[in-house]
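[1] Sequence first, predicted coordinates after that:
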Amino acid sequence: MVLAAGAPAALAASPSPAPKAPATAPSQGQGAGAGTPSPQPTTAAGAAQDAAAVVGGERLGRTAVQVAPRSGAPELPAGLTGRSWLIADAATGEVLAARNPHLPLPPASTLKMLFADTVLPKFDRSAEHRVTLAELAELGPGSSLVGIKENLPYRVEDLWRGVFLASGNDAVHVLAHMNGGLARTVTQMQERAVALQARDTRVVSPDGYDQDGQVSSAYDLTLFARAGLRNADFRAYCSTRTARFPGGVDKTTGQRTAFDIANTDRLLGKYPGLIGVKNGYTTNAGATFTGAAERGGRTLLVTVMHPEQQSKVYDEAAALLDWGFAAAGKVEPVGRLVEDTAAGSGTGAGAGPGAADTSVTAGPAGSAEDPAADVLPQAIRQTDDPFGPAGWTAVALGGALALWAAGRVRARRRPQARTAEAAPVPAEFGTARFTTAPSPAPLRSPIPPIPPLPPFPPTVRAAVRSGSSALGGATAVGGRGRRRLARRARAFARTTVRSAGTRLASARARRPH
């Protein structure tokens, strides 16, 4: 059965569907004569209907550990204390083993996977957003933060690093406001959960902060991870171990600072082949973790919720992954991860794990180890060009003046006849062309009078007088440097003209009459 995308409110108001029955009251239906009366019929037809309605298969609605070993299959790890857990093959969706995977529990920050799967495709990762104080005003007490400052610009990709690495609720709230607000984002997340058939999930806050009624399950969190990993940027962000994050503005230098952030996932970089995905912890939720690991061409997904001790969530997840890789092909699946019903919605539905989402407009988020390149906004970045636009303009102008003067000297010293029209002068020096009359007697004829040098074009004269706009503009060169450059240009022009006149006079004196 496919639920309508706009159904979250109806779901909350109407009786829960059949899949929730085993999760909220796991003891019912597990033993004969279980205590509390059930609203569902007790006939065989009614029981079959309940079993068929469990998302992923009937066995996933049971509370006991579910595994179906074949001959030679390894034993499940001993000492698993998670109230709910699941391990599945990401490619096929086969659930290899599970314990009470539909039990609704507080998800903590693992709910950020659903937030990212919902919002991440909507913004260009290179876009910048200036954070306002209002966007940081509704953070819950004790929230995990990456350290965003108001009234400063941040790139979208940096905000997502803050979400995945530092589990920053401040980064989530900024992105949610960019998406139209917290309420709109919560509604879209709930709709996305419905499309993924994650029916145990109720979203109240986009960051996973403890809220009354906010729950998810090991099964649903695994669906979120599987869907998210189909987006290339999601996969790159969740696998990033360290990055540089923009800080405030240094009052002394006026430059934007930056600092290091590290992924709070304790298995990342330690468990062989681990891709990500997200961990979480709150006082109410305890520890939660969803991870993905790749080995020998196989990718496994694991979720562990609420073990007896917080630190055990990583140990139990690693133990289940070890078992899953060893048990591949040696166990029968006990259920299946269902597919996204919103196929073609731009979220990568129907694509294999790891496939790039066609809605992603940029490449991967960068190296997991290298600092984030270009972390500073363009407005406060330092230029790598030591000359700048004005310097190069002045160099070009000086070179052009030198070439023009040298050409004039060579033209006057040549004894042979010229054609009626010489080579054109560059456009920036006007449209005048210089001609010389043919000489009837190259040796003893009188030397024709020297025509006056053509004036500089108005743009060059103005540049030499003011030393400003034609030389790069007042904003490109300081006032003192600009005046010095203008003086040098005028001296250069005068020296060139004098030198040309002196050489021509010497040439006349040496010629026989």
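    Noted; the coordinates are in hand. Bear in mind the structure is a predicted one, so any value in this text is a computation, not a measurement.
[2] Confirm that residue 276 sits in a helix.
    No: counting by DSSP: H, G, I helix; E, B strand; the rest coil, residue 276 falls outside a helix, being strand.
[3] what about it, how many residues close to it?
    Neighbours of residue 276 under the rule other CB atoms under 10 Å: 25. Where you see a C-beta, it was placed from the backbone N, CA and C, and this is true even at glycine.
[4] My read is that it contacts residue 289, right?
    No: taking contacts as CB atoms under 8 Å, residue 276 lies outside contact range of residue 289: 10.5 Å.
[5] Overlap in contacts, the two.
    Taking CB atoms under 8 Å, 6 or more residues apart in numbering as the contact rule, residue 276 and residue 289 both touch residue 265.
[6] quick one, helices of the stretch 1-150 of the chain?
    Shown for the stretch 1-150 of the chain, the helices assigned by DSSP state H, counting those that start in this stretch span residues 8-13, 20-24, 44-53, 112-119.
[7] Over to the stretch 151-300 of the chain?
    Going by DSSP H, counting those that start in this stretch, the stretch 151-300 of the chain shows helices at 156-164, 169-178, 182-195, 218-228, 232-238.
[8] Compare the ones you listed and give me the one nearest residue 103.
    Using CB to CB as the measure, helix 218-228 is the one of the helices of the stretch 151-300 of the chain that comes nearest residue 103, at 7.3 Å.
[9] list the helices and strands the closest one packs on?
    Contacts defined by 3 or more CB pairs under 8 Å, 6 or more residues apart in numbering; DSSP states H and E place helix 218-228 against strand 84-89, helix 112-119, helix 232-238, strand 274-282, strand 286-295, strand 298-305.
[10] Restricting to C-alpha, output it in CSV.
    Presented in CSV, the C-alpha positions along helix 218-228 are these (Å, rounded to 0.1, in the frame of the first residue of the first chain):
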residue,chain,number,x,y,z
ALA,A,218,16.3,0.6,13.8
TYR,A,219,14.4,-0.5,10.6
ASP,A,220,13.5,3.1,9.6
LEU,A,221,17.0,4.5,10.4
THR,A,222,18.5,1.8,8.1
LEU,A,223,16.1,2.9,5.4
PHE,A,224,17.3,6.5,5.8
ALA,A,225,20.9,5.5,5.6
ARG,A,226,20.4,3.4,2.5
ALA,A,227,18.5,6.2,0.7
GLY,A,228,21.0,8.9,1.7
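[11] so for that helix, what's the average pLDDT?
    Computed over helix 218-228, the mean pLDDT rounds to 98.
[12] shift numbering so it begins at 58
    In the new count, where the first residue is 58, that last one comes out as helix 275-285.
[13] That one vs strand 343-352, what angle?
    With axes from the mean of the first three to the mean of the last three CA atoms, to 10 degrees defining the directions, helix 275-285 sits at 50 degrees from strand 343-352.
[14] by how many degrees do helix 275-285 and helix 239-252 diverge?
    Using the same axes, to 10 degrees: helix 275-285 against helix 239-252 is 100 degrees.
[15] Including mean neighbour count, could the helices of the stretch 208-357 of the chain go into JSON lines?
    Below are these laid out as JSON lines (neighbours: other CB atoms under 10 Å):
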{"stretch": "helix 213-221", "mean neighbour count": "26"}
{"stretch": "helix 226-235", "mean neighbour count": "25"}
{"stretch": "helix 239-252", "mean neighbour count": "20"}
{"stretch": "helix 275-285", "mean neighbour count": "30"}
{"stretch": "helix 289-295", "mean neighbour count": "24"}
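[16] ok, residue 353 touching residue 386?
    No: in this structure, residue 353 is not within contact of residue 386 by CB under 8 Å, at 11.1 Å.
[17] Let me see the contact set for the residue nearest to residue 277 when sequence neighbours are not counted.
    Among residues not flanking residue 277 along the chain, residue 255 sits closest, at 3.7 Å (CB to CB, 6 or more residues apart in numbering). Neighbour list for residue 255: 171, 273-274, 276-277, 280-281 [criterion: CB under 8 Å, 6+ apart].
[18] Farthest pair within these?
    With CB to CB as the measure, no two of the contacts of residue 255 lie farther apart than 171 and 276, at 13.1 Å.
[19] that older thread, for the helices of the stretch 208-357 of the chain, give me CSV that also has distance to residue 366.
    What follows is these, written out as CSV (distance: least, CB to CB, whole Å):
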stretch, distance to residue 366
helix 213-221, 25
helix 226-235, 24
helix 239-252, 29
helix 275-285, 18
helix 289-295, 25
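[20] List just the one of these that sits closest to residue 132.
    helix 275-285 (20.7 Å).
[21] give the contact list for residue 229.
    Contacts for residue 229 (CB under 8 Å, 6+ apart) come out as 169, 172, 220, 263-264.
[22] Now with 10 Å, please.
    Residue 229 is in contact with 166, 168-169, 172-173, 176, 196, 200-201, 203, 216-217, 219-220, 239, 242, 262-266, counting by CB atoms under 10 Å, 6 or more residues apart in numbering.
[23] coming back round to it: wait, which of the contacts of residue 255 is closest to residue 308?
    The closest of those to residue 308 turns out to be residue 171 (CB to CB; 39.9 Å).
[24] pLDDT below threshold where in the protein?
    For the chain, the stretches with pLDDT under 70 are 58-109, 400-543, 546, 550, 553-554, 556-570.
[25] residue boundaries of the strands in it?
    Along the chain, the segments classed as strands by DSSP state E run 122-126, 141-146, 151-156, 185-187, 210-212, 299-306, 313-319, 331-339, 343-352, 355-362, 388-389, 392-393.
[26] Now tabulate those in JSON lines and tack on distance to residue 368.
    What follows is those, written out as JSON lines (distance: least, CB to CB, whole Å):
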{"stretch": "strand 122-126", "distance to residue 368": "22"}
{"stretch": "strand 141-146", "distance to residue 368": "16"}
{"stretch": "strand 151-156", "distance to residue 368": "19"}
{"stretch": "strand 185-187", "distance to residue 368": "36"}
{"stretch": "strand 210-212", "distance to residue 368": "33"}
{"stretch": "strand 299-306", "distance to residue 368": "22"}
{"stretch": "strand 313-319", "distance to residue 368": "18"}
{"stretch": "strand 331-339", "distance to residue 368": "10"}
{"stretch": "strand 343-352", "distance to residue 368": "8"}
{"stretch": "strand 355-362", "distance to residue 368": "12"}
{"stretch": "strand 388-389", "distance to residue 368": "28"}
{"stretch": "strand 392-393", "distance to residue 368": "29"}
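[27] tally of neighbours for residue 179?
    14.
[28] Correction: the previous question concerned residue 381.
    When neighbours are defined as other CB under 10 Å, residue 381 has 22 of them.
[29] wouldn't it be in contact with residue 352 here?
    Yes: in terms of CB atoms under 10 Å, residue 381 counts as a neighbour of residue 352; the distance is 9.4 Å.
[30] tell me the contacts of residue 371?
    Counting by CB under 10 Å, 6+ apart, residue 371 has contacts 322-324, 327-328, 336, 344, 346, 348, 361, 364.
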